[in-house]
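Student: let me see the structure of the following:
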Amino acid sequence: MIRPLRQRHRRIVITLAIILPAAFVLGIVARRPIPITEHLPSELTTTPQTWESIEWQRGDLFPKFPIQVRLWREHLGAGKLAVSLSAAKNFVKPDLLVYWSAGSQNITDALPANAILLGAFSSSQLLLPAAVDNSEGCLILFSLADNEIVDVTKPMRLNPSTR
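Tutor: Numbering: from 1, shown residues only. A predicted model of the protein is given here:
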């Protein structure tokens, strides 16, 4: 009874020893070539934004951590707004995202439904949507890895009169 099983096992192993390398080589040969392009389509490229002036700079907006917040304007006195955040090197939070929430509601454990994702904390400048200009709200730091709100700014208005 053992001898027929050993003979069957030997035939299967010999067959696999021939078929598997042949299948591997055929798979490599049948692969499509990797597409190579000189330039990315315009939908996938981002043009670097130039921000000419700082509207204001504050370090007292976040109550828990000393985070420096700068409000940038595309052109002096006009144009789109962007915000940049910087902190000390010992401020390390995993997967930190920045949100904007309109209104002055009390934010505790969960992100509000009206929160707008601005981008990663490590980004140089985060473009603000047009709806944010001259509206009161707050910036929210949210750790995606810990699924928790790290810190929330005091209610503020993002316009030049906030200096």
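Student: from here on, just use CA atoms for contacts and neighbour counts.
Tutor: Fine.
Student: which ones are touching residue 119?
Tutor: Residue 119 makes contacts with 97-99, 126, as judged by Cα atoms under 8 Å, 6 or more residues apart in numbering.
Student: for it, phi and psi?
Tutor: The main-chain torsion angles of residue 119 are listed as degrees, to the nearest 10 and equal phi 150, psi -170.
Student: correct me if wrong: residue 117 contacts residue 102.
Tutor: No - here residue 117 does not reach residue 102: they are 11.9 Å apart, not a contact under Cα atoms under 8 Å.
Student: okay, strands next: where are they in the protein?
Tutor: When assigned using DSSP state E, the strands of the chain occupy the ranges 53-58, 68-75, 78-86, 96-102, 116-120, 126-127, 136-143, 148-152, 156-157.
Student: now render those as TSV, adding mean pLDDT and distance to residue 1.
Tutor: Converted to TSV, the strands of the chain look like this (pLDDT from 0 to 100; distance: least, Cα to Cα, whole Å):
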stretch	mean pLDDT	distance to residue 1
strand 53-58	84	84
strand 68-75	86	79
strand 78-86	85	75
strand 96-102	91	65
strand 116-120	90	66
strand 126-127	86	74
strand 136-143	91	63
strand 148-152	92	63
strand 156-157	83	84
